[in-house]
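# sharing a model prediction with you, sequence too.
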Amino acid sequence: MATITEPPATGLRRWARVSVAVTVLAAAFALVLSTGIGGPDTSLAISNLGLCAAAITAAVCCLVRAAMFRGRRRAGWALIGLGVLSWGLGQVTAVWLETFTGSVPLPSQADLGYLGMVLLTPAGLLVLPAAAQTLANRARSVLDGLMVAASLMLMAWIFVVEPIIEAGGDSALGLAVSLAYPLGDVVIVTIVIYMLALQRRTGRHFTQLALVGAGIVAFAVSDIGYAYLNLTGAYHSGGVTDIGWFTGFALILLAATRPVTAAPDSRSAEPHLGAQPFGVLLPYVAVLGALVTSVVWFARTGQSSAFVAYTRSALILLIVGRQLLTLLENRGLTRNLEARVADRTAELYASEQRFHALVQHSSDVVTVVGVDSAVLYQSESVQRVFGYPAQVLTGRRLTGVLHAEAAGRLADALRSVSGRPYASTVLELTVRHRDRRLRQAEITVTNLLGDPNVGGLVLNTRDISERKELQEQLVHEAYHDALTQLANRALFRERVAEALEHRADDSDVTVLFLDLDGFKEVNDSLGHLAGDMLLVQVADRLTQSVREGDVVARFGGDEFAVLIRTPTADNDAEAVAQRIVDGLQEPFRVEERDLHVRGSIGLALFAPGDTKGSHAEDAEQLMRNADLAMYKAKAMGGCAYARYDPQMLEGLVERLELEADLRLALDRGELKLHYQPTIDMTDSRVIGFEALVRWQHPTRGMIPPMDFIPLAEATGLIVPLGRWVLEEACRQAMAWAEQTGQPPVKMAVNVSVRQFDRTDLVAEVRDVLTRTGMPADRLCLEMTESVLMTDTEENLAQLVQLKTLGVTLAIDDFGTGYSSLAYLRRFPVDTLKIDRSFVERLGEQNDDAALASTIVQLGQSLGMSTVAEGIEEYGQLAALRAMGCTFAQGFYFSRPVPAADAGRLLLDASPDLLQNRLLENR
């Protein structure tokens, strides 16, 4: 049920002001009526107007309060308000009759309104919700209500009803109406008392109901006086009797305006004996009052009354019934309490047994000792964990069972917690099992000396040997190579850092970095299993080649490292490196095969004062230096060792910086194309150009292609670079064609083997031709012989697809690689470009002239064109013409020039003048 509430402090302050105002009015009303100030007419007017206003105001407040609730509480307050409003309407009718007729007969129309309150108000009180009760409590409450009602009826009969009957009246109806008021008040008071008995004193609505009850009691006093005085003809409006009605309405008004406070805490709502003394004692107080009244009445009058006798008998029966009900309820409570005690006892016993079983079968050993380490209690699980029966340890000093070091540590732990209640500490000890094995134990010591149920220091001990072994295994696996069981990179780095940290002033720390030469071929040809077997044997030879105390590690793959600590003037590090190189010369026997691998070793030294140029500040830098030196040894041909030189790092840093700049060069527009013309040998005409990329660095200036093209190849940047060169060259060729009005010249573009590694090369070329409008037959793609030798079938498929597009294919630097004639016949190549190394010594009687002539003849026999590169002298040109070479390139004609200069060569249509301009550009 939802209610409308407001902040408690604000609502109570407002209600307190209303209470003060109502109290002042009630006091003034009572003062005027009791003293007769102003005369009878003034008292009459104030009484009539005051009662009407009080009744109607109280009724409105009750109805407004009903609107604040829902459900039964709304209906209850609405009925109470309607009952009060009915009385107010009756009072208005009585005032009208008295004013215009001069008298108010009994009964009259006003009594209909008065009696409406007698009917509606009890109904409203009964509708109001009360606390939920069990069936037994509800029956007891009904009996209590009947006892209170009978007691009140008995007292009302003695004090009110019988005197009224004896006084008599004008008519039976008038007598009945006169008796209806006090009897109705008795019913209402009984209901209020019954409802209050059901309410908890901490309830939200107890005060409101108490105020309503007090108002009804005030009503009852005035109704009794009115009935008696009216029957005797002594009643008149404006008398003292009216004070009770005004007070009753004032109390009901205060009950209706009192704010609704927050619900009490749920714990306070629990029923208990001390919470409702009023509800428990009220029926007996009422019965006692009725009995005392009847005894006094009989002693004073000596009269006997059937109603009194029957009522007293009914009270006796109600008391007996209530006592029987209480007896039955007490017996039920006793049985329930006994059952709960039995259940709780069984639960405690089961819990004790469960705890005992858990302790005995737990993986922890529970021991209770005194301050002197004497065993007071020992769980039987000690036999399963450490092999000792519990009775063997009980009564003995635990420190006497352990060896000296463990006993001392345990004694210290016991002393550390014995002075602090409930303090605990954890320690790990080595404990000898009964079978003499050493076990690792974790012991938690807790001070429970102050606990009367324990009275000792509790030791919870568990065997953690397996956990320790697993930890050691995990640590070993984390710091060792799984294949060779050598140290891994992490452990090696720690060892190097320790060696540097504890290095003496007269000692050196040297790191050797070894990489096997030829290991990849073993893996590719024989498989990874054979490769692993080879690595294991290499690790054994490395271990045999180093000195005792040197650290050998495997970093992964075919990379190994050795840590050597030597005196400063000693050359043991070089000796170890040489022994390793020599030890790898002997073949390795793997799967009935003799395998030969060599090793390249980089050596980096950390010496006092860094006099030997290690340039290393920590372990990482020292290992890096050794790695750089290893690449130097590989460049020397392998099977050797090389010492680190600071220039190696400088070269690496420069290479990294150049790589970073190259990644941005395309976006910044730093790359440009220069074009070297291709000349027809027969008429010296420019028949095409070869596009060559140049890099104009903003700070380094013009960077030669030999400095950044290999870097682009190694890093994969050659792929986007080659795509840009291809599109820019085609675009430029189409621009020249638009300027000259002639078909596009032949444009040669170099294609890297890394571009052939991608499967989208053909689609990329097709896309460029489509976007630029370049005819496919005017594009020549030049590749090195390595394209023919790597991924042969895949590259052949791509070349066939390129040939299908219509582009021309050329082999650049022909004669310097290892391609065979068989490959040359298979691949759809159109042009062979003679390398400049064969051209530069033409005119002399040497093998190069013969080789150049052979290449020309080979091209002619295969139907291929030949292009001679690097022509710088007229003698070379004449020799190549004599051989029948088709086209020529070289500084003799022109250096690679920007697009604007190359375009001017195409705009001159005279071959002779063109030849002169070519000569000028040499």
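Nice, I can see it.
# give me the mean pLDDT for the helix or strand harbouring L79.
L79 is part of helix 72-100, with elements assigned from DSSP states H and E. Summarised as a single mean, pLDDT over helix 72-100 is 82.
# and the helix or strand following it, what does it pack onto?
Where DSSP H and E defines the elements, the next helix or strand beyond helix 72-100 is helix 109-127. On a contact count with 3 or more C-beta pairs under 8 Å, 6 or more residues apart in numbering; DSSP states H and E, helix 109-127 meets helix 72-100, helix 172-198. The way it works is simple: take the backbone N, C-alpha and C, and place the C-beta from them, glycine included.
# go again using 10 Å as the cut-off
helix 40-67, helix 72-100, helix 172-198, helix 206-232 (3 or more C-beta pairs under 10 Å, 6 or more residues apart in numbering; DSSP states H and E).
# angle of the helix holding L79 against helix 109-127?
170 degrees (axes from the mean of the first three to the mean of the last three C-alpha atoms, to 10 degrees).
# which strands or helices does the longest helix belonging to the chain pack on?
In the chain, taking DSSP state H as the definition, the longest helix is helix 306-361. Other elements packing on helix 306-361 under the criterion 3+ C-beta pairs under 10 Å, 6+ apart are helix 135-156, helix 277-301, strand 364-369, helix 381-386.
# mind redoing it with 8 Å?
Helices and strands touching helix 306-361, by 3+ C-beta pairs under 8 Å, 6+ apart, are helix 135-156, helix 277-301, helix 381-386.
# what about stretch 296-306, how long is it end to end?
End-to-end distance of stretch 296-306: 17 Å, with C-alpha to C-alpha, to the nearest Å as the criterion.
# for stretch 378-389, same thing?
9 Å.
# in it, which residues are buried?
Buried residues in stretch 378-389, counted by 16 or more other C-beta atoms under 10 Å: Q378, S379, S381, V382, Q383, V385, F386.
# returning to that earlier point: out of the helices and strands packed on helix 109-127, flag the one nearest L324.
Nearest to L324 among the helices and strands packed on helix 109-127 is helix 172-198 (19.5 Å), distances taken as C-beta to C-beta.
# mind checking the pLDDT average for that closest one?
64.
# again with stretch 887-905
The pLDDT scores in stretch 887-905 average 89.
# contact partners of it?
672-681, 686-687, 689-690, 692, 694, 732, 736, 739, 836, 839, 865-874, 876-877, 880, 914, 917-919, 921-922 (C-beta atoms under 8 Å, 6 or more residues apart in numbering).
# if you set the cut-off to 6 Å instead, what comes out?
674-679, 681, 686, 692, 732, 736, 867-872, 918, 921-922 (C-beta atoms under 6 Å, 6 or more residues apart in numbering).
# quick check on the residues you listed: which are buried?
Of those, these count as buried by 16+ other C-beta under 10 Å: 674-679, 681, 686, 692, 732, 736, 867-871, 918, 921.
# OK, contacts around Y644?
So Y644 contacts A604, N625, A629 (C-beta under 6 Å, 6+ apart).
# also L211?
L251, L254, A255.
# the last one belongs to a helix?
Meaning A255. Yes. Checked against DSSP: H, G, I helix; E, B strand; the rest coil, A255 lies within a helix.
# residues touching L514, list them.
Contacts for L514 (C-beta under 6 Å, 6+ apart) come out as F560, G599, I601.
# could you dump those residues into CSV and include neighbour count?
Output for the contacts of L514, formatted as CSV (neighbours: other C-beta atoms under 10 Å):
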residue, neighbour count
F560, 26
G599, 29
I601, 29
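# give me the pLDDT for the nearest residue to R495 once chain neighbours are set aside.
Leaving aside its sequence neighbours, R495 sits nearest to V551 (C-beta to C-beta, 6 or more residues apart in numbering; 4.9 Å). Among the per-residue scores, V551 shows a pLDDT of 93.
# dump the residue contacts of V551.
Counted by C-beta under 6 Å, 6+ apart, V551 has contacts A487, R495, L563.
# dihedrals phi and psi, it?
Main-chain torsions, V551, degrees, to the nearest 10: phi -100, psi 120.
# again, but for the one 5 residues further on
Note on G556: backbone dihedrals following degrees, to the nearest 10 are phi 130, psi 150.
# roughly how far does it sit from A487?
Distance of G556 to A487, computed by C-beta to C-beta, to the nearest Å: 12 Å.
# which one of these two is surrounded by more residues?
Neighbour totals were compared for G556 and A487, and A487 leads with 21 against 10 (other C-beta atoms under 10 Å).
# partners of that one in the sheet?
H480, A553 (DSSP bridges).
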